[in-house]
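1. Have a look at this fold, sequence not included:
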């Protein structure tokens with residue numbers, strides 16, 4: 001079985017011409033170009049999603065680009081085409097040298113045909129049917145190839161070996177394309193059509209998490225500076241490790257740094273005074289007994305205690 005293959009010149013981005021293997025397929029409603037071939041031509045296009053409806057009802061979707069290109073017909077006419085890119089337009093076809101093969105059939109011997117086949121670079125579908133319309137037809141007897149003259153040249157196809165059984169088929173239709181700009185709307189439409197009210201809905205939040213959300217919503221309040229938020233405990237009062245000693249050790253370490261870095265002490269005092277002045281920190285009025293654990297109330301004020309000196313001063317102070 002011989003498919004409708006041609007070799008035509010396609011214009012590069014620099015206006016030079018490059019030979020392309022062109023597959024004529026009236027079973028496709030869209031013209032396609034192999035992605036790698038479009039890159040070789042340096043052709044740019046708009047991104048889209050292409051839907052391919054193949055044999056057996058198999059529907060696939062591919063990332064694609066909508067491109068424009070020019071081909072040169074055998075009569076010297078330059079025709080502008082538009083199509084979509086795909087990584088694989090069609091499976092490669094056997095290479096046939098019709099300048100030799102045509103001699104087997106009387107009705108084909110005088111046709112100006114040559115070698116065709118190989119990796120398919122371009123597929124022209126019925127969106128350019130006016131280029132595929134037969135202006136002249138050459139028919140032989142039963143189980144012989146048929147030649148059709150079109151604006152793109154002579155196309156020879158059909159049965160060439162009646163004893164050969166077909167074990168592979170080629171059939172697919174490009175049903176449409178969706179620009180990526182409209183993809184969100186398409187997905188929303190798909191989800192709406194899938195929602196028939198039969199789904200079983202069940203809360204995915206555990207009871208503990210729901211309790212924490214409720215406490216946060218009910219007890220969070222805005223202050224003059226910052227917010228006051230509750231500490232979320234799953235069950236009862238927290239049993240925390242007393243970290244008072246760790247804080248005291250850090251404070252002693254900071255004092256030792258002040259002895260070796262007097263400028264740091266000045267900057268730290270200025271930064272801390274800024275926090276006090278702006279209300280991000282406050283002094284404790286009642287001294288805490290160092291021999292007892294620090295008290296923990298139900299709510300704590302969540303405020304920003306970190307500050308840093310701004311340029312042009314080179315140092316940075318974290319409080």
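-> Everything's here; your move. Since this is a predicted model, take the numbers as computed values, not measurements. Numbers count the residues shown, from 1 in each chain.
2. tell me which element residue 218 falls in.
-> helix 207-219 (DSSP states H and E).
3. OK, contacts around the residue most central in space within the chain?
-> A centroid search over the chain (C-alpha atoms, centre = their mean) returns residue 63, at 7.9 Å, as the residue closest to the centre. Neighbour list for residue 63: 47, 48, 49, 50 [criterion: C-beta atoms under 8 Å, 6 or more residues apart in numbering]. C-beta: built from backbone N, CA, C; applies to glycine.
4. what sits up against the following helix or strand past the helix holding residue 218?
-> Following helix 207-219 in sequence order, the next helix or strand is strand 221-222 (DSSP H and E). With contacts defined as C-beta under 8 Å, 6+ apart, strand 221-222 is touched by 227, 228.
5. Show me which residues of stretch 71-80 are buried.
-> Neighbour counts over stretch 71-80 (16 or more other C-beta atoms under 10 Å) mark residue 71 as buried.
6. Can you check the pLDDT for the residue nearest to the centre of the chain?
-> pLDDT recorded at residue 63 is 87.
7. so it bridges to which residues?
-> In this entry, residue 63 is beta-bridged to residue 49, by DSSP bridges.
8. can you give me the strands for the stretch 151-300 of the chain?
-> Remark: strands assigned in the stretch 151-300 of the chain by DSSP state E, counting those that start in this stretch are 153-157, 172-179, 221-222, 227-230, 299-302.
9. Could you tell me the least trusted of those strands?
-> strand 299-302 (a mean of 36).
10. what about the residue nearest to the centre of the chain, distance to residue 209?
-> According to C-beta to C-beta, to the nearest Å, residue 63 stands 39 Å off from residue 209.
11. Same check on residue 230?
-> Counting by C-beta to C-beta - residue 230 and residue 209 are separated by 15 Å.
12. When those two are compared, which one has more neighbours?
-> The neighbour comparison of residue 230 against residue 209 (other C-beta atoms under 10 Å) goes to residue 230, with 18 against 12.
13. Looking at the closest residue in space to the more buried one that isn't next to it in sequence now. What's its pLDDT?
-> Spatial nearest neighbour of residue 230, chain neighbours left out: residue 219 (4.1 Å); criterion: C-beta to C-beta, 6 or more residues apart in numbering. At residue 219, the predicted lDDT confidence score is 87.
14. Distance-wise, check residue 219 relative to residue 229.
-> Distance from residue 219 to residue 229, by C-beta to C-beta: 7 Å.
15. got it, and residue 130?
-> Residue 130 is 71 Å from residue 229, by C-beta to C-beta.
16. And residue 274, by the same measure?
-> Taking C-beta to C-beta, one finds residue 274 at 24 Å from residue 229.
17. Check residue 57 too.
-> For residue 57 relative to residue 229 (C-beta to C-beta), the value is 56 Å.
18. Compare these two (neighbour count), which wins?
-> For the pair residue 57 and residue 229, the greater number of neighbours falls to residue 229 (15 against 6), based on other C-beta under 10 Å.
19. So what pairs up with that one in the strands?
-> In this entry, residue 229 is beta-bridged to residue 300, by DSSP bridges.
20. Residue 4 contacts residue 155, doesn't it?
-> Yes - assessed by C-beta atoms under 8 Å, residue 4 is found in contact with residue 155 at 4.6 Å.
21. Touching both of those two, which residues are there?
-> residue 24.
22. Confirm that residue 148 sits in a strand.
-> Yes - assessed with DSSP: H, G, I helix; E, B strand; the rest coil, residue 148 lies in a strand.
23. ok, it touching residue 139?
-> No - in this structure, residue 148 is not within contact of residue 139 by C-beta under 8 Å, at 9.6 Å.
24. Compare the two and say which is more crowded by neighbours.
-> residue 148 (19 against 11).
25. and residue 34, what is it in contact with?
-> 85, 86, 87, 88, 89, 119, 120, 121, 122 are the contacts of residue 34 under C-beta under 8 Å, 6+ apart.
26. Could you check how many residues crowd around the residue nearest to residue 131 when sequence neighbours are not counted?
-> Spatial nearest neighbour of residue 131, excluding adjacent residues (C-beta to C-beta, 6+ apart): residue 151 at 4.9 Å. By the criterion of other C-beta under 10 Å, residue 151 has 15 neighbours.
27. roughly how far apart are residue 151 and residue 121?
-> Applying C-beta to C-beta, the value for residue 151 to residue 121 is 19 Å.
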